[in-house]
Structure formats: C-alpha cells, structure tokens
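**Student:** Let's see this in three dimensions:
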Amino acid sequence: MASIIGWLNLYFFEYLLNIFFVRDQWSHPIIDNPAAPLHCQKEELISRLEKKIEILSDEKKSLNEDLGENKKLGKQVTLVVEQKCQSKQELNKYKLYVDELDQVTYLLLKLSGRLAKAENALNMLPDHASESERAVLTAKRDELHAKHEDAKDIKEGIDRRSQQVAAFLTKYLTAEEFTDYEDFIKMKLQLTIEFQEIDDRVKQSEEQLKALKHNMRAT
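**Tutor:** Next comes the predicted model:
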C-alpha cells in the first residue's frame, strides 16, 4: 500500500506540471498562415478550439465509462470484505477510507490547481502593477495556500488509514482478493486524477472559445 501512496504523490506532481507547462498539443494553437487577415486567424483559432473541445469531451466520456467499471470492481471487492471481515470497526474503517479517498483526491487536485494558478498570476504581475493589485493577488495566494495545507493534513490522515486498512485486509483476503483490492484503489485514484485534468482542460478551452467569439463579435 505504501507504493500506492507514493504513486499518488507522483501523479499529483505530474498534474501540477501540466498546470504550469504545456497541457497538450492544443494548448497553444498554431496559426497555419500567420500572414492571413486577423479575422481569418481568429476563425482558424475558433475551429481549432472547437476540435480540441470535441476530442477532450470524447476522452472525458471514455474516462466516465472507465470510472463506472472501476465502481463495479469496487462493489465486488467491498462485498468480499463484508463477507470476510470479522470486525465491524475494521469494516467501517475500510468503507470510510474508500468513500473519502476520491473526495480528498479531488479536493487536493482542485486546490493544487488553483494555488498554482494564483502563484503564476502573482509571478507574472508586471513591475508597474499597483500595490492594491499585488495585495489582492497575494491575499488570494495565501488563502489558497492555507486551504491547501489543511487538505494535505487530511490526505496524511487518509494515507495512515490506507496503511491500517491494508494491514487488516491481508489477514482476511486471499492474495488474489487483495490484488483486486489494490487494483481497485489504484485505478480509482488514477481515473479520478485523469478525469479532473481532462475536465479542467475542457473548461479552460470553453472559456477561451467564449472569449474569442466575443472578441470576434466586438470587432
């Protein structure tokens, strides 16, 4: 189970890299003909963004289906645990861990993304920016940092619970059943993270498309 915890931390790191750097091949659409009239360039950008949203939406749909399959596996694993677990307290601890796992993962992902963007906005602030503008961004960054630290504390509690759950499950489950449990947890984490990343990309692209279309109408 320690390997699962380490794997999750690595996935968080990769997720943050995607926030700071290039997210995908569509992040910065390249104009095929930069010498074309401006309105033609905007139309090309709109077309590329619409294609990007279509592709990402298909990926999101596929991930939703994978999440559904993982949920089925989770129900099977939970049924086995209910049948074999001899302590009601341990059974409740297992169920609480499974229920809280993706919630805490989702919370950390959202806060990590928002904190990274706040840090980036503050770092990108020009030297001539007003003190009030800098103060607003700093306050927002500090508030998100505090929330992120709280979420990390919650995650550490979840990590400790995961080790406790793994310890007593090895007493009750066969090697094959325990492998199913580990596969369920690992895929639950991976799919939650991937789904959130795709969802963020879709929302970002939709905002860009909306702004570009508004700009087209205004000119």
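**Student:** Give the next helix or strand downstream of the helix or strand where D159 lies.
**Tutor:** Using DSSP states H and E, D159 sits in helix 131-172. Using DSSP H and E, the helix or strand that follows helix 131-172 in sequence is helix 175-218.
**Student:** and the longest helix that the chain contains with helix 175-218, angle?
**Tutor:** With DSSP state H setting the assignment, residue counts place helix 38-84 as the longest helix in the chain. The directions of helix 38-84 and helix 175-218 differ by 160 degrees, with axes from the mean of the first three to the mean of the last three CA atoms, to 10 degrees as the criterion.
**Student:** ok, back up a step: quick one: the helix holding D159 to helix 175-218, angle?
**Tutor:** Between helix 131-172 and helix 175-218, the angle comes out at 160 degrees (the same axes, to 10 degrees).
**Student:** mean confidence for helix 131-172?
**Tutor:** When pLDDT is averaged along helix 131-172, the result is 93.
**Student:** Against which helices or strands is it packed?
**Tutor:** helix 2-20, helix 38-84, helix 88-123, helix 175-218 (3 or more CB pairs under 8 Å, 6 or more residues apart in numbering; DSSP states H and E). Using the backbone N, CA and C atoms, a C-beta is placed for each residue, glycine as well.
**Student:** now the angle between helix 88-123 and that helix, please.
**Tutor:** With the same axes, to 10 degrees as the criterion, the two stretches helix 131-172 and helix 88-123 enclose an angle of 150 degrees.
**Student:** Quick one: distance of helix 131-172 to the chain centre.
**Tutor:** Shown here is helix 131-172, whose average C-alpha point lies 14 Å from the average C-alpha point of the whole chain (CA atoms, centre = their mean, to the nearest Å).
**Student:** Can you give me the neighbour number for R114?
**Tutor:** For R114, the number of neighbouring residues by other CB atoms under 10 Å comes to 17.
**Student:** E100 versus the closest residue to it other than its chain neighbours, what's the distance?
**Tutor:** Using CB to CB, 6 or more residues apart in numbering and skipping the chain neighbours, the partner closest in space to R114 is L144 (5.4 Å). Distance, L144 to E100, using CB to CB, to the nearest Å: 22 Å.
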